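In: quick one: sequence plus predicted model below, questions after.
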Amino acid sequence: MRSVDVTIGVPGIAAEAVYDRVTDFARYPELAEVVRSVTVHDIGEDRETSSWEVYFRNGILRWTESDHFDRAALTITFVQLDGDFEVFRGAWHITGSGHEVRVGFHAEFDFGIPSLAGILEPVAERVIKETIARVVLGLFASGRVVGDESLARAVEAVPAGPAAPDSPAQVA
C-alpha cells in the first residue's frame, strides 16, 4: 500500500473558513484540469458520498467515496466505496490559527495489481499529490506548499487555473 501526504500553508485566513472551502468538492474540477468531475450525492450535515473522475495516464480513474465531516475537529475522512482502486482512504486535517493555517491531506491507496504496482503506483502518487496541491492553491491564492520542494516546483510549473482570491471577510 502506498501513501501520499501533502501540506499547504494558508496565511491570514481563519481555520474554519479554510475548512469550509476545502469541503466544497464540487468546485475541484474548476481548480485542477486533471479533475474531470466530482458529483456530490446524499448531502447531509456530516456525511456525503461523492463520485470522482480524474485523468490518469491515458485514461480516467473513477471512484465513489464516503466522506465524513467533523467541523469541530476540522477534519474530513474518506474511504472508497467502489471504483478503480482496491483500497483508497484518507483524511484532510485543518490545523493552526493566527498567522498560518495548515491544510494537511493524507491518503493510502492500492490498485490491487501487484504486477503493475511498481509502474502505476508511483505515477498515481505524483498525480494525487499534484492534484491536491493545485486544488488547495486554487482555493487560496496566498497558499504555499510546505515541506516538499519538488511538489512546490511541479505545481508552480503548471498553474491550476484561476486562483480564488482570499476574501477579507474570511481573514482571521
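Out: Okay, I see it.

In: contacts for the helix-or-strand element of the chain with minimal mean pLDDT?
Out: Scoring the helices and strands of the chain by mean pLDDT, DSSP states H and E places helix 149-157 at the bottom, with a mean of 84. Helix 149-157 is contacted from outside by V6, R126, K129, E130, A133, R134, L137, R144, V145, using CB atoms under 8 Å, 6 or more residues apart in numbering. Heads up, the C-betas are built off the backbone N, CA and C, glycines and all.

In: buried residues in the helix or strand encompassing the fourth one?
Out: E130 belongs to helix 117-139 when assigned by DSSP states H and E. Taking 16 or more other CB atoms under 10 Å as the basis for neighbour counts, the residues of helix 117-139 that come out buried are 121, 124, 127-139.

In: out of these, who's nearest E100?
Out: Nearest to E100 among these: V136, at 13.3 Å, using CB to CB.

In: so the closest one touches I8, yeah?
Out: Yes. With contact defined as CB atoms under 8 Å, V136 counts as touching I8 (4.3 Å).

In: intersection of neighbour lists for these two?
Out: Taking CB under 8 Å, 6+ apart as the contact rule, V136 and I8 both touch V103, G143.
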